[in-house]
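**Q** For reference, the sequence and a predicted model appear below.
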Amino acid sequence: MNTILPLLSSLVSFVFAFFVFKRYAERKGMHLLFWGIGTIFYGIGGFCEFYNSAFGWSDLIFRLWYIFGAILVAAWLGQGTVYLLAKPRWANILTGILILGSLYAVFKVFTAQLDPSQVLGSELSGHAIVSPGVRVLTPFFNIYGTFTLIGGAAYSAFIFWRKRILLHRTIGNILIAVGAMLPAFGGFFSRLQIPGALYLGEFLGVILLFLGFMRAVTPMGETTENVATA
């Protein structure tokens with residue numbers, strides 16, 4: 001399971017990214033660009049988990065996993081939602097901060113000292129990083145990503161539901177919000193030593209994110225357009 005689930009997560013993520021970038025080519029919109037980049041990050045993280053389970057430890061694979069799968073993915077997906085809901089000026093300022101922070105995180109991870117013996121079993125873990133000041137970065141990115149992605153999706157779903165319009169976007173945003181929460185739940189149960197919980201949460205999460213996106217951009221017969229357009 002620790003081999004198959006990450007591989008499936010990766011494949012679904014790359015298919016998801018194809019549809020997002022296809023819509024970006026048709027509609028433009030910075031939110032689509034960031035969602036597309038975020039889903040690529042999701043796919044890279046899943047591939048690294050698959051590689052580690054199937055072929056064993058690799059310093060490069062671990063560093064790529066920690067950068068894209070553990071640090072950046074939620075924040076970059078969330079930044080897409082920021083472009084939907086925030087004023088362009090503030091969204092651009094936050095993007096500048098996110099890019100600078102991401103470059104700093106890449107530098108710190110690629111210069112960190114690793115100890116593979118700290119990773120138990122076949123699941124990758126940040127415990128392999130023994131250099132100080134690296135793992136502390138992860139909560140900042142994940143809290144920002146969680147707040148913007150889950151909070152933004154929940155807020156959008158509430159707005160559409162309250163106005164009784166665009167039901168497909170209400171449903172889509174609910175699915176996105178739930179999908180964004182599942183990897184966090186998987187990580188929580190993984191810390192309780194439940195095997196495969198993280199990878200299952202990631203797989204179910206990307207499935208719901210994909211379904212939510214497709215539902216949000218596929219009308220159900222409504223004729224009124226409002227607020228953010230996916």
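**A** Nice, I can see it.
**Q** contacts, neighbours, all on C-alpha from now
**A** OK.
**Q** And the helices in this structure?
**A** Here the chain has its helices, by DSSP state H, at 4-27, 30-55, 59-64, 73-85, 88-110, 137-163, 167-191, 197-216.
**Q** The second one versus helix 197-216: what angle between them?
**A** By that I understand helix 30-55. Angle, helix 30-55 to helix 197-216, by axes from the mean of the first three to the mean of the last three Cα atoms, to 10 degrees: 150 degrees.
**Q** ok, now the first one?
**A** Taking the same axes, to 10 degrees, one finds that helix 4-27 is oriented at 30 degrees with respect to helix 197-216.
**Q** same question, the longest one
**A** Counting by the same axes, to 10 degrees, helix 137-163 points 40 degrees away from the direction of helix 197-216.
**Q** returning to what we had before: in a markdown table, list the helices of the chain along with mean neighbour count.
**A** Output for the helices of the chain, formatted as a markdown table (neighbours: other Cα atoms under 10 Å):
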| stretch | mean neighbour count |
| --- | --- |
| helix 4-27 | 20 |
| helix 30-55 | 24 |
| helix 59-64 | 18 |
| helix 73-85 | 25 |
| helix 88-110 | 15 |
| helix 137-163 | 18 |
| helix 167-191 | 21 |
| helix 197-216 | 23 |
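**Q** For the ones you listed, please prepare TSV with the additional fields distance to Ser117 and mean pLDDT.
**A** Putting the helices of the chain into TSV (distance: least, Cα to Cα, whole Å; pLDDT from 0 to 100) gives the following:
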stretch	distance to Ser117	mean pLDDT
helix 4-27	22	96
helix 30-55	14	96
helix 59-64	12	96
helix 73-85	26	94
helix 88-110	18	97
helix 137-163	21	87
helix 167-191	17	84
helix 197-216	20	93
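**Q** Mind putting these into CSV with distance to Ser125?
**A** Below are those laid out as CSV (distance: least, Cα to Cα, whole Å):
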stretch, distance to Ser125
helix 4-27, 14
helix 30-55, 10
helix 59-64, 9
helix 73-85, 16
helix 88-110, 13
helix 137-163, 12
helix 167-191, 10
helix 197-216, 10
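**Q** Among those helices, which comes closest to Val130?
**A** Closest of these to Val130 is helix 88-110, at 10.7 Å (criterion: Cα to Cα).
**Q** Can you list the neighbours in contact with the closest one?
**A** Under the criterion Cα atoms under 8 Å, 6 or more residues apart in numbering, residues 63, 66-67, 71-72, 75, 79, 82-83, 134, 137 lie in contact with helix 88-110.
**Q** Pick the one among those residues closest to Ile174.
**A** Closest to Ile174, out of all of the contacts of helix 88-110 and judged by Cα to Cα, is Val82, at 16.7 Å.
**Q** got a list of what that closest one touches?
**A** Val82 makes contact with 31, 91, 148, 152, according to Cα under 8 Å, 6+ apart.
**Q** Pull the most distant pair out of those residues.
**A** Ala91 and Gly152 (13.2 Å).
**Q** So which of the contacts of helix 88-110 is the closest to Asn173?
**A** Nearest to Asn173 out of those is Val82 (Cα to Cα; 14.0 Å).
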